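>>> one predicted model, sequence on top.
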Amino acid sequence: MKKILVTISLIALVFSIGIGQTNKRTSAYMYNKNKQYDKAREAIDEAILHPKTENDAKTWMYRGIIYYNIAMSEEEQVKALAPDAPEISYESLLKSKILDDKKQLEVETSLYLIQLTNLFYQRGADGFQNSDYAAAIKNFTIAYKIAEADGRFDTIAAFNIGMSGVYSEDKTLAESTMPYLKKCIDVNFMDPRVYLFYARSEKQIGDTTAAFATLEKGRILFPQELSLQLEQSQLYLETGQNEKLIGSLKEAIEADPTNENLYRVLGQTFEKVGDKENAIVYYKKAIEINPDFGDAIFNLGAIYVNDAAELYTEANNLPFEEQKKYDELKKQADDNLYKALPYLERSLELNPTDQVVISALKEAYANLKLNDKLKALMEKE
């Protein structure tokens with residue numbers, strides 16, 4: 001008789017423990033309903049650890065909801081209960097979906113996951129705006145995985161992950177996020193920026209050949225997209241393909257004829273290949289569009305200064321008896337300096353403390369014997 005009583009007592013004890021853990025889940029539900037999130041969290045965290053409830057979909061769903069409410073609370077003391085509440089909520093709701101074989105909780109679980117997606121999107125955007133690209137990638141990736149759990153491909157999340165990797169300027173991050181941009185391309189996500197950023201990520205890992213191919217594919221799909229054209233020009237510039245760069249920039253100018261920077265870069269490219277006449281033409285066009293375009297103004301003045309320097313050197317190296325030739329070369333040099341002066345002086349107006357411009361002007365005034373101007377310039381220092 002005693003043995004039977006002991007057995008009955010053990011059964012009652014086990015039953016009471018099971019009921020106790022179920023009650024923990026019920027208590028968590030009620031605490032959450034009453035917005036007592038500290039007690040709700042404590043109860044549900046006990047419930048998920050017990051064998052009776054640890055593999056129950058409803059337990060994990062309740063946990064996801066409780067931590068979601070903590071994450072979304074406007075009260076700092078509630079948020080402080082679990083700073084990582086969004087991640088815990090996401091993991092819990094995802095586990096609930098896995099355990100919910102009969103899909104009885106699917107609608108409610110999916111609803112909270114969608115709401116969490118918005119939260120992770122916002123956190124990702126905040127990270128991006130604050131240049132915390134690792135945080136941006138982390139949050140956009142969770143948003144992506146939520147969609148993936150529902151059998152969806154979130155192209156926006158994938159694009160944001162890849163874009164954040166590129167903006168990080170971190171080779172490791174860029175490489176790790178490349179597959180997301182590649183997936184966007186594979187599903188024909190019709191946004192030219194996908195090709196732009198995928199090409200940049202390829203360039204960041206050192207594969208410029210692949211970057212050119214990606215940009216070419218993008219330009220075929222989006223022939224009017226200037227950003228892809230400019231990116232291609234930039235890649236030609238960085239890889240020293242000057243002839244291709246000239247052609248690419250001319251195409252870009254046709255598409256955007258009021259972009260003074262395109263004329264400036266084209267002028268620099270012509271200057272680099274030794275075509276000073278065309279360099280001068282395009283620098284002047286840049287200045288016509290923007291009379292305060294300091295880079296183009298200085299570059300134009302510098303061409304004349306450099307030409308003058310070469311002529312002075314040639315003249316000074318002549319034998320003493322070639323006075324006539326010397327005078328001719330010096331006059332040509334002086335003429336170039338006079339051409340340079342308006343641009344150098346304008347550069348100084350735009351950048352009064354630029355020591356390179358000041359030094360060039362001092363030398364020009366000295367060579368041209370413009371002593372009053374030289375004195376006035378030195379007095380300003």
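Perfect, I can see it now. Numbering: from 1, shown residues only.
>>> which non-adjacent residue is nearest His232?
One correction, residue 232 is Gln, not His. Nearest residue to Gln232 in three dimensions, chain neighbours excluded: Leu215, at 4.7 Å (CB to CB, 6 or more residues apart in numbering). Every residue, glycine included, has its C-beta placed from N, CA and C.
>>> gap between that neighbour and Tyr195?
As judged by CB to CB, to the nearest Å, Leu215 and Tyr195 stand 6 Å apart.
>>> hey, what's in contact with both of the two?
Jointly contacting Leu215 and Tyr195 under the rule CB atoms under 8 Å, 6 or more residues apart in numbering are Leu228.
>>> more neighbours: which of the two?
Tyr195 (27 against 24; other CB atoms under 10 Å).
>>> got the contact list for that one?
Counting by CB under 8 Å, 6+ apart, Tyr195 touches Ile185, Thr214, Leu215, Lys217, Gly218, Leu221, Phe222, Leu228.
>>> just the element for it, please.
helix 192-204 (DSSP states H and E).
>>> how about that helix as PDB, C-alpha atoms only?
The C-alpha trace of helix 192-204 is given here as PDB (Å, rounded to 0.1, in the frame of the first residue of the first chain):
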ATOM      1  CA  PRO A 192      20.800  50.400 -62.100                       C
ATOM      2  CA  ARG A 193      22.400  51.000 -58.700                       C
ATOM      3  CA  VAL A 194      22.700  47.200 -58.200                       C
ATOM      4  CA  TYR A 195      25.200  47.100 -61.100                       C
ATOM      5  CA  LEU A 196      26.900  50.200 -59.800                       C
ATOM      6  CA  PHE A 197      27.500  48.900 -56.300                       C
ATOM      7  CA  TYR A 198      28.300  45.300 -57.500                       C
ATOM      8  CA  ALA A 199      31.000  46.700 -59.800                       C
ATOM      9  CA  ARG A 200      32.300  48.800 -56.900                       C
ATOM     10  CA  SER A 201      32.500  45.700 -54.700                       C
ATOM     11  CA  GLU A 202      34.300  43.800 -57.400                       C
ATOM     12  CA  LYS A 203      36.800  46.700 -57.700                       C
ATOM     13  CA  GLN A 204      37.300  46.700 -53.900                       C
END
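>>> look up how far Tyr62 lies from the closest residue to Lys79 other than its chain neighbours.
Of all residues not flanking Lys79 in the chain, Ser73 sits nearest, at 5.7 Å (CB to CB, 6+ apart). According to CB to CB, Ser73 and Tyr62 sit 17 Å apart.
>>> at the geometric centre of this structure, which residue do we find?
A centroid search over the chain (CA atoms, centre = their mean) returns Tyr167, at 2.6 Å, as the residue closest to the centre.
>>> which residue sits closest to it, ignoring its sequence neighbours?
Excluding its sequence neighbours, the residue lying closest to Tyr167 (CB to CB, 6+ apart) is Tyr133, at 5.7 Å.
>>> mind listing what the one you found touches?
Tyr133 neighbours (CB under 8 Å, 6+ apart): Gly127, Ser164, Gly165, Tyr167, Ser168, Asp170, Leu173.
>>> next one: Thr214
Taking CB under 8 Å, 6+ apart, one finds Ile185, Tyr195, Tyr198, Ala199, Glu202 in contact with Thr214.
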